[in-house]
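[1] model the following, please.
(2 chains)
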Amino acid sequence: MTTLTDPPKASFRLSMLIYDTRYRSATIQVVALFGFMLLAAWLINNTLTNLNTLGKPISLAFFTEPASYDINQRLLDYNSRDSHLRAAFIGLLNTLVVAVLGCITATILGVLIGVLRLSKNWIVARIMTFYVEMFRNVPVLLWIVLAMAILIESLPAPRAFRGENPEATLSFFDTVAITNRGVYIPEPLFSNSLGNLPIFGNSSLRFDISLDFLAFALVLVAGLFASHTIKKRADVTQEATGLRPTTWYTRLAVVFIPIIVLFAVLGFHLGYPELKGFNFQGGTHMRNSLIALWLALSLYTAAFIAEIVRGGILAISHGQTEAAGALGLRSGRIMSLVVLPQALRVIIPPMISNYLNLTKNSSLAIAVGYMDITGTLGGITMNQTGRELECVVLLMAVYLMISLSISLVMNWYNNRVKLVER
Amino acid sequence: MNKSVLIGAAAIACVSAGVAAAGTLDDVKARGKLNCGVASGLVGFATPDASGEWGGFDVSVCRAVAGAVLGDPKAVEFVPTTGKTRFTALASGEIDMLARNTTWTFSRDVDLKFTFVGVNYYDGQGFMVPKELGVASAKELDGATVCIQTGTTTELNLADFFRTNGISYEPVPIETNAEAQQQYLAGACDVYTTDASGLAATRAAFENPGDHTVLPEIISKEPLGPLVRHGDNEWGDIVRWTLNALITAEELGVTSANVAEMSAGTDNPEVNRLLGSEGSLGEMLGLDAEWAKRAIMAGGNYGEVFEKNIGENTPIGLARGLNAQYTDGGLLYSPPFR
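    Predicted coordinates:
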């Protein structure tokens, strides 16, 4: 007769860390982690020692020194006596401008092309396929350089606008100047301007908030809120009585009339570009470097977004379309009300990486002389001060922050639109 | 596991490569080639010809050093650099020396940790404009669009010049001289500014050089010269004295034509010391006695190099001006070979 005994209590022996499969993987991971940390510490130490031997210890003192160079595109005031930190800040804003503009255009174009690629019209579908393949398979740098070359070589120089019988004239009723130095469009001006509100005093990160813009934004938000309230009240009336009051004109009025009144009070008028001296003066100057970069990045990224959108749409069962059709919806509404909302949960995660790619690709700006942060902090500042390590590490940190922020916002949005399971 | 070891080793190699400063001479000899950083295409100063052979005023310095050290002026690997990449290339050890119209400034010498070994061209920053603009002086350039090579001293001078004169401008940063040329000719900028010698060289490459004029203002001092890394004085001495040998050779009348004959020995002891028939200057440098002879034979003395590449009989047509020997009223003055 056999008796059941408890299995012998295993006492822990040191060798089990290697021979016991229960512990082995943990042991390997801990050892590997230590090895990695040692390697990293050694690399950092080695770099610091070597920089010290070279007589270039890590220091950020150069940041407060005058940058001594000019930046053509600047959203905030800047001159060559401002610090390197200010220059980096101006560059950062330029990066953000092109990234935001690029992401918006790329999304609009991409969604459009992705949907059209599934069109039943053979020619439209083939043209879109051609577009996608062409832009996807050529490096974005080439598109940027090509766009710039076309802008510079094909558009007239400002001197062509001069003289009695100029070779070139302003477009759109003499308001827009399209030259090979950029496009000059009318700018909004206020004769009774409220002025600016300076923030951060005199520091390198100072900026002004335009009170005119602030007033405009406040009035707009208030108008939209009022319009929303009217809509809600109409909904309530509809629920109660079954009749929906006509509200579109009141809703338009509460949004637009206060804005028009505000503009009239502030003395709104447009400043038109005028040829003075060497260049056009006045108006808003959109430089060729910005246009080329924006155009190339948008067209390139749109090709990828189009593929993502197409994949997302194809992922939705055809039964959904048929069901919606059976309810009597037309194809445009099926797409916007049934298919696209469901496709979003497939589309958004890969879309995040494309926004990140576009932002990172904007660092190719230097190819066309657009002064983004790679051009200021990672370009001229690095070159003039010789602080390669500091500048590159900071640059990496900045891009990391931008990317993580985009990722954060997009993931929040993804969580909102993803399929809610009950 | 193996792969990560490899990546680690590669990373370590990258970091330590930049530190191998000492012993450049031995490295060059062992390699059998001199890595020389030059401009990426500036007619007369550094440009490859139709067969891909580099030539020009700055290139001649590289060839002279290769002649002195390796005995073969062709044993040079030319590394084209831009205004932005040149210092990193030198600091990281990718090139042994830089001969690329680089201005000798305090911060580059002291803070960037380079050693300028001398001046091979005394220059100053100028402006070029199309004649049809009718501009006679740089002070009339208020509101102009200016093409400027980024990462250069000219960029800083430009900002200072316009600011101190109280006039405005719109800078168009560009990377290379070729790009500047394209933008300037297309009218994307009104003005191109760089060293006056560079302007002359660029204009010489135009289809109609006569349509463009260089304004009279020279707004800065730009002493251009070859440089090496800090920390290897022996190598710095070799490059410095090779340049001095070319300058001294012109002063003493040693040319590529008569150097073979003169190296047998002359009445002038300084020529003898220079060419190695007397004394042991070559040995002191860690080279042999005929180092300077080979450097001169590589492309001729300073004057010959100047005339052949950028002198008045070339399309670039630069006068000697400040770059004449001190005996002719210029600034070229080599310390004695003694």
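
[2] by proximity to chain B, which residue of chain A wins?
    Residue of chain A nearest chain B, by Cβ to the nearest Cβ: A:Ala157 (2.9 Å). For the C-beta atoms, the positions are set from N, CA and C on the backbone; glycine is no exception.

[3] show me where the stretch 1-150 of chain B has helices.
    B:2-17, B:24-31, B:57-70, B:86-91, B:106-110 (DSSP state H, counting those that start in this stretch).

[4] not counting sequence-adjacent ones, nearest residue to A:Thr284?
    The shortest distance from A:Thr284 to any non-neighbouring residue, by Cβ to Cβ, 6 or more residues apart in numbering or on different chains, is to A:Glu187 (4.4 Å).

[5] and the one you found, what does it touch?
    By Cβ atoms under 8 Å, 6 or more residues apart in numbering or on different chains, the residues touching A:Glu187 are A:Leu270, A:Gly271, A:Gly282, A:Gly283, A:Thr284.

[6] now the first one: phi and psi?
    For A:Leu270, the backbone dihedrals (degrees, to the nearest 10) come out as phi -100, psi 140.

[7] re the thing from before, mind checking pLDDT for the residue nearest to A:Thr284?
    Looking at A:Glu187, its pLDDT reads 87.

[8] identify the bridge partners of it.
    Beta-bridge pairing of A:Glu187 under DSSP bridges involves A:Gly271.

[9] roughly how far does it sit from A:Thr385?
    Between A:Glu187 and A:Thr385 the distance is 35 Å, computed by Cβ to Cβ, to the nearest Å.

[10] residues in contact with the one helix or strand in chain A whose mean pLDDT sits lowest: which ones?
    Scoring the helices and strands of chain A by mean pLDDT, DSSP states H and E places helix A:171-174 at the bottom, with a mean of 77. If you take Cβ under 8 Å, 6+ apart as the criterion, helix A:171-174 is touched by A:Ala177, A:Ile178, A:Tyr272.

[11] ok, now which ones touch the first one?
    By Cβ under 8 Å, 6+ apart, the contact list for A:Ala177 reads A:Pro158, A:Phe161, A:Leu170, A:Ser171, A:Val183, A:Tyr184, A:Pro273, A:Leu275, A:Phe280, A:Gly283.

[12] what about the residue lying closest to it once chain neighbours are set aside, how many residues nearby?
    Closest residue to A:Ala177 apart from its sequence neighbours, by Cβ to Cβ, 6+ apart: A:Tyr184 at 4.1 Å. By the criterion of other Cβ atoms under 10 Å in any protein chain shown, A:Tyr184 has 25 neighbours.

[13] and what of A:Ile316?
    16.

[14] again with B:Arg240
    21.

[15] so it sits right up against B:Val119, yeah?
    No: between B:Arg240 and B:Val119 there is no contact under Cβ atoms under 8 Å: 10.9 Å.

[16] all strands of chain B, in order?
    Assigned by DSSP state E, the strands in chain B fall at B:34-39, B:47-48, B:54-55, B:76-81, B:97-98, B:114-116, B:121-123, B:125-130, B:144-149, B:169-174, B:191-195, B:212-214, B:222-224, B:227-229.

[17] do the fourth one and chain A come into contact?
    Same thing as strand B:76-81. No: judged by Cβ under 8 Å from any Cβ of the partner chain, strand B:76-81 stays clear of chain A, getting no closer than 11.7 Å.

[18] name the helices or strands packed onto that strand?
    With contacts taken as 3 or more Cβ pairs under 8 Å, 6 or more residues apart in numbering or on different chains; DSSP states H and E, strand B:76-81 sits against strand B:34-39, helix B:57-70.

[19] how about 6 Å then?
    Other helices and strands packing on strand B:76-81, by 3 or more Cβ pairs under 6 Å, 6 or more residues apart in numbering or on different chains; DSSP states H and E, are strand B:34-39.

[20] each with direction, which strands does the strand it packs on pair with?
    strand B:76-81 (parallel), strand B:97-98 (parallel).

[21] okay, these, which one's buried deepest?
    Burial of these is given as mean neighbour count (mean count of other Cβ atoms under 10 Å in any protein chain shown); strand B:97-98 ranks first at a mean of 28.

[22] what residues does chain A put near chain B?
    Contact residues (Cβ under 6 Å from any Cβ of the partner chain) of chain A with chain B: A:39, A:46-47, A:50, A:54-55, A:68-70, A:72, A:80, A:152-153, A:157, A:180-181, A:277-279, A:369, A:380, A:383, A:386.

[23] could you flag which of these are buried?
    Buried members of those, counted by 16 or more other Cβ atoms under 10 Å in any protein chain shown: A:39, A:47, A:54, A:68-70, A:72, A:80, A:152, A:157, A:180-181, A:278-279, A:369, A:380, A:383, A:386.

[24] restricted to helices, list those.
    Counting by DSSP state H, these place A:Leu39, A:Thr47, A:Ile152, A:Asn383 in helices.

[25] correct me, but B:Gly143 touches A:Phe278?
    Yes: here B:Gly143 reaches A:Phe278: they are 5.1 Å apart, a contact under Cβ atoms under 6 Å.

[26] count of neighbours near the residue lying closest to B:Asp142 once chain neighbours are set aside?
    Excluding the flanking residues, the one nearest B:Asp142 by Cβ to Cβ, 6+ apart is B:Ile167, at 4.0 Å. Using other Cβ under 10 Å, B:Ile167 has 15 neighbouring residues.

[27] B:Ser51 now?
    5.

[28] swap in A:Ala365?
    Other residues near A:Ala365 come to 25 when the count uses other Cβ under 10 Å.

[29] what's near enough to touch it?
    A:Leu293, A:Asp372, A:Gly375 (Cβ atoms under 6 Å, 6 or more residues apart in numbering or on different chains).

[30] let me see the mean pLDDT of stretch B:255-266.
    The pLDDT scores in stretch B:255-266 average 90.

[31] should've said stretch A:83-94
    Rounded mean pLDDT across stretch A:83-94 is 93.

[32] with stretch B:274-290 instead?
    In this model, stretch B:274-290 carries a mean pLDDT of 91.

[33] just for chain A, where's the confidence low?
    A:1-3, A:7-10, A:419-422 (pLDDT under 70).

[34] which ones among the residues of chain A next to chain B are found in strands?
    Among these, the members found in strands (DSSP E) are A:Asn279.

[35] do you know the pLDDT at the closest residue to chain A within the stretch 51-200 of chain B?
    Closest contact between the stretch 51-200 of chain B and chain A, by Cβ to the nearest Cβ, is at B:Gly187 (2.9 Å). For B:Gly187, the pLDDT comes out at 89.

[36] one more: B:Gly18?
    With respect to pLDDT, B:Gly18 scores 44.

[37] try B:Asp27
    We have a pLDDT of 93 for B:Asp27.

[38] roughly how far does it sit from chain A?
    18 Å (Cβ to the nearest Cβ, to the nearest Å).

[39] for chain B, what's the longest helix?
    Secondary structure of chain B per DSSP H: the longest helix is helix B:233-252.

[40] give me the angle between that one and helix B:24-31.
    Between helix B:233-252 and helix B:24-31, the angle comes out at 90 degrees (axes from the mean of the first three to the mean of the last three Cα atoms, to 10 degrees).

[41] hmm, who's touching helix B:233-252?
    By Cβ under 6 Å, 6+ apart, helix B:233-252 touches B:24-25, B:64-65, B:68, B:97, B:115, B:117-118, B:226, B:228, B:271, B:285, B:292, B:295-296, B:301-303, B:325, B:332, B:334, B:337.
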